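**Student:** quick check, what structure comes out for this input:
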Amino acid sequence: MKSLNSIEPGERAVISEIKSAEGIRRRLLDIGMIPGTEVECVGRSPSGDPKAFLIRGAVIAIRSEDSAGIIVC
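**Tutor:** This is a model prediction of the structure:
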C-alpha cells in the first residue's frame, strides 16, 4: 500500500482509497479524486513540496501532508 506522495514526476497511479481528514477529503473528492481515477505526477516544486498532479485533465498542486492520505496502486 503506497500513498500518492510516493509517486515521482512521470509516474502514474490509480486512486484506490482516500483516508484523509474530512475537510481535505471533501475537497479532494470535489476536484475529482475518487477511487478508480488515474493520476499522473507531472512535477514538483524545487523544495519537493508540493507536487503537481494531472487529474481528469487539470493540473492540481497538492501538499505532501494532504496527499499522504490518498492510497494508490
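**Student:** quick one: the strands in this protein, in order.
**Tutor:** Secondary structure of the chain (DSSP state E): strands located at 2-3, 12-18, 38-44, 51-55, 58-62, 70-72.
**Student:** make TSV out of the ones you listed and add mean neighbour count, distance to I24 and mean pLDDT.
**Tutor:** (C-beta placed from N, C-alpha, C; glycine too.) Putting the strands of the chain into TSV (neighbours: other C-beta atoms under 10 Å; distance: least, C-beta to C-beta, whole Å; pLDDT from 0 to 100) gives the following:
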stretch	mean neighbour count	distance to I24	mean pLDDT
strand 2-3	14	13	94
strand 12-18	15	9	96
strand 38-44	17	16	96
strand 51-55	20	14	96
strand 58-62	15	9	95
strand 70-72	21	10	96
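**Student:** the nearest residue to G48 once chain neighbours are set aside: how many residues sit nearby?
**Tutor:** Nearest residue to G48, sequence neighbours excluded (C-beta to C-beta, 6 or more residues apart in numbering): S64, at 7.9 Å. By the measure other C-beta atoms under 10 Å, the count of residues near S64 is 15.
**Student:** ok, S64 - contacts?
**Tutor:** 5, 48-51 (C-beta atoms under 8 Å, 6 or more residues apart in numbering).
**Student:** quick one: which of those is the most crowded by neighbours?
**Tutor:** N5 (23 neighbours).
**Student:** tell me the spacing between it and S45.
**Tutor:** 13 Å (C-beta to C-beta, to the nearest Å).
**Student:** and the contacts of S64, which is the shakiest by pLDDT?
**Tutor:** When the contacts of S64 are compared by pLDDT, G48 scores lowest at 85.
**Student:** in the chain, what residue sits furthest out from the centroid?
**Tutor:** Ranked by distance from the centre of the chain (C-alpha atoms, centre = their mean), the top residue is P46, with 17.9 Å.
**Student:** now that one: how far from K19?
**Tutor:** 28 Å.
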